[in-house]
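Q: my questions concern the predicted model and sequence given below.
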Amino acid sequence: MGATEEELESGLDEAIEAELPRALPGAGAAALVFVAAGAVLMLEILAVRLLGPYVGLTLETTTSIIGAALGGIAIGAAVGGYLADRTNTRALIVGLLIVGGLLTLLIVPAVHWLGPGVRGDGNLAALGITIVALVPAAVVLSAVSPATAHLQLHDLRASGTIVGRLSAWATAGALVGTFGSGFVLVPLVSVNVAVLAIGVSLVGVGVVLGASSRLTLPPAFGIGSHLMLPVAAAVVAIATLGFGVLTAASASPCDAETNYHCAVVERTPGFPGEGYDLILDGEYNSFVDLDDPTNLEYRYTRWIADSLEAKEPGSGAIDGVFVGGGALSLPRWLLAARQGSEALVLEVDGGMIDLVEEKLGFGETDDLEVVIGDARVSMLDVPDHSADVIVGDAFSGLTVPWHLTTEEWVEEVKRVLKPGGLYAMNMIDTAPHDLLKAELATLLAAFADVRMLTEVGPEGQPINGNAVLLASDEQLPRSIRTPFSEATVFQRSEVESFVGDAETLRDDYAPVDQLMTLNRGG
């Protein structure tokens, strides 16, 4: 008697099942996609920190890094599914984990090798280094999820459940990787150590999976299959050790990797006394003379000091709020120049302040208080009408805190200033100065008088670099003493002419990264 249709179907299913690689336990498959997806997101966040010293941390550079990583994830998903249909899937997953781990170990050396050559080149540099250093690892690790799904799909009647469950676990891994990096890894260990741990862990997971799967390798070069696995294991171990040493030995350019910056304190070349520079993400941020706090080497800091002396002549005490601390140059100047003054510093980067205290030997005193936190939030706790001067010095050539430029922020500044108080703000921009114009427009809309101090070219227009913006609700002195450097003072009418029809910056519209010329397209 011939077999029934149901028996034939059952026999066919059994034959297909026998040919397919053995599926993993459900928990094991979930763990694999969780680890692989989590590793990709962790590497993406850590890559932003690795590239910061070389390309800066603007919206556009961060977008370039994230976009390139997402491209790698998409490619990996497609390639992983294609290969899973044509290879031994278990062996493929083992290979993906091991190769992904080894590529991870190469990320740090690649960034430190390529970074110095593109320092300050902006978006294209961020995209290029990401493609070379991060995308290969992202491609390989992102192939794990579709390969694992293929391995588990032995019953099409449960395909939706299997794929959905694995997708959920992969997303959970990505979430844990994201939050774990931002809240645990970055504050606790250096980026080099974090990447090293991730790479070694991935290789370890791949090796354990390979050993538990009892994989066999085809003979090659006359070597029997019984010898191939030990040889392969030895190659993986040597590569992991070599790449790991390379990662660990890659010198970080930082004295401290804070939550926000790669920070360095170094002796000022050629300075005869105890002069030091604070360098953030490769950009000179602050100068400190340990012997004489009133010695301000950077021109814009002298302009701010001169402006304050002109606005508040004499020797009386001044209450100052400093938005952005750096190496505390201006707060220390104020306390030394005006006895009895008090300085409140709002600084987001506590790690940088710790480095300044360690390297330069000074921190909080009875008349100098440092509040760690975002100034937009910290300012809410500063009493009304409590400051004679507020100094905004949170900008650098590579970092633009947009929320400290808007109309809403300026209203907070006005709330804290005493009547007739001075708001002095350091800005960095180059021609055509779109960001500078927008910020001046914002100040013009809020204050009775606005001035600008900057160096000008032959045509009387600002040249590239720093500009100090001054604003007050009463008339500012017409001339400001600048004995140490040449600076042109733009009066309010000249500021209005320079600004033209530039729009003000608001919380709902502040495209500062796009307006700031230094950060355009590299």
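A: In hand now; what should we look at?

Q: give me phi/psi at Gly52?
A: Main-chain dihedrals, Gly52, degrees, to the nearest 10: phi -50, psi -50.

Q: let me know how buried it is, in neighbour terms.
A: Other residues near Gly52 come to 26 when the count uses other C-beta atoms under 10 Å. C-betas here are computed from N, CA, C, even on glycine.

Q: which residue packs closest to it, ignoring adjacent ones?
A: Asp281 (5.2 Å; C-beta to C-beta, 6 or more residues apart in numbering).

Q: over to Glu408?
A: Spatial nearest neighbour of Glu408, excluding adjacent residues (C-beta to C-beta, 6+ apart): Asp507 at 4.9 Å.

Q: hmm, that neighbour is touching Trp402, no?
A: No: between Asp507 and Trp402 there is no contact under C-beta atoms under 8 Å: 9.0 Å.

Q: and the two? which has more neighbours close in?
A: Between Asp507 and Trp402, Trp402 has the larger neighbour count (other C-beta under 10 Å), namely 18 against 13.

Q: check contacts around that one.
A: Residues counted as contacts of Trp402 (C-beta atoms under 8 Å, 6 or more residues apart in numbering) are 59, 505, 510-513.

Q: what do you get if the cut-off is 7 Å, keeping everything else the same?
A: By C-beta atoms under 7 Å, 6 or more residues apart in numbering, the contact set of Trp402 is 510, 512.

Q: could I get the average pLDDT for the helix or strand hosting Ile66?
A: In the assignment (DSSP states H and E), Ile66 maps to helix 59-84. The average pLDDT within helix 59-84 is 87.

Q: next structured bit after that helix?
A: helix 89-105.

Q: run the chain-centre distance for that following helix.
A: Helix 89-105 has its C-alpha centroid displaced from the chain centroid by 28 Å (C-alpha atoms, centre = their mean, to the nearest Å).

Q: which secondary structure elements does whichever helix or strand comes after it contact?
A: Using DSSP H and E, the helix or strand that follows helix 89-105 in sequence is helix 107-114. Under the contact criterion of 3 or more C-beta pairs under 7 Å, 6 or more residues apart in numbering; DSSP states H and E, helix 107-114 touches helix 26-55, helix 123-133, helix 191-213, helix 225-249.

Q: tell me the mean pLDDT over helix 107-114?
A: In this model, helix 107-114 carries a mean pLDDT of 86.

Q: list the buried residues of it.
A: Neighbour counts over helix 107-114 (16 or more other C-beta atoms under 10 Å) mark 107-112, 114 as buried.

Q: now swap in stretch 451-468 and tell me
A: Neighbour counts using 16+ other C-beta under 10 Å place 451-455, 462, 466-468 of stretch 451-468 among the buried residues.

Q: with stretch 436-448 instead?
A: The neighbour-count check on stretch 436-448 (16+ other C-beta under 10 Å) flags 436-444, 446-447 as buried.

Q: part of a helix, is Leu334?
A: Yes: judged by DSSP: H, G, I helix; E, B strand; the rest coil, Leu334 forms part of a helix.

Q: show me the contacts for it.
A: Going by C-beta under 7 Å, 6+ apart, Leu334 touches 318, 320, 341, 343.

Q: the closest residue in space to the last one that isn't next to it in sequence - how many residues pack around it?
A: Looking back up the chat, that one is Ala343. Nearest non-adjacent residue to Ala343, counting by C-beta to C-beta, 6+ apart: Pro331, 3.9 Å away. Using other C-beta under 10 Å, Pro331 has 26 other residues around it.

Q: measure the nearest residue to Ile129 once chain neighbours are set aside to Ser181 for me?
A: Leaving aside its sequence neighbours, Ile129 sits nearest to Leu114 (C-beta to C-beta, 6+ apart; 5.1 Å). Going from Leu114 to Ser181 by C-beta to C-beta, to the nearest Å gives 22 Å.

Q: show me the strands in the stretch 251-400 of the chain, by range?
A: Secondary structure of the stretch 251-400 of the chain (DSSP state E, counting those that start in this stretch): strands at 256-257, 262-267, 275-280, 283-289, 319-323, 342-347, 368-372, 387-392.
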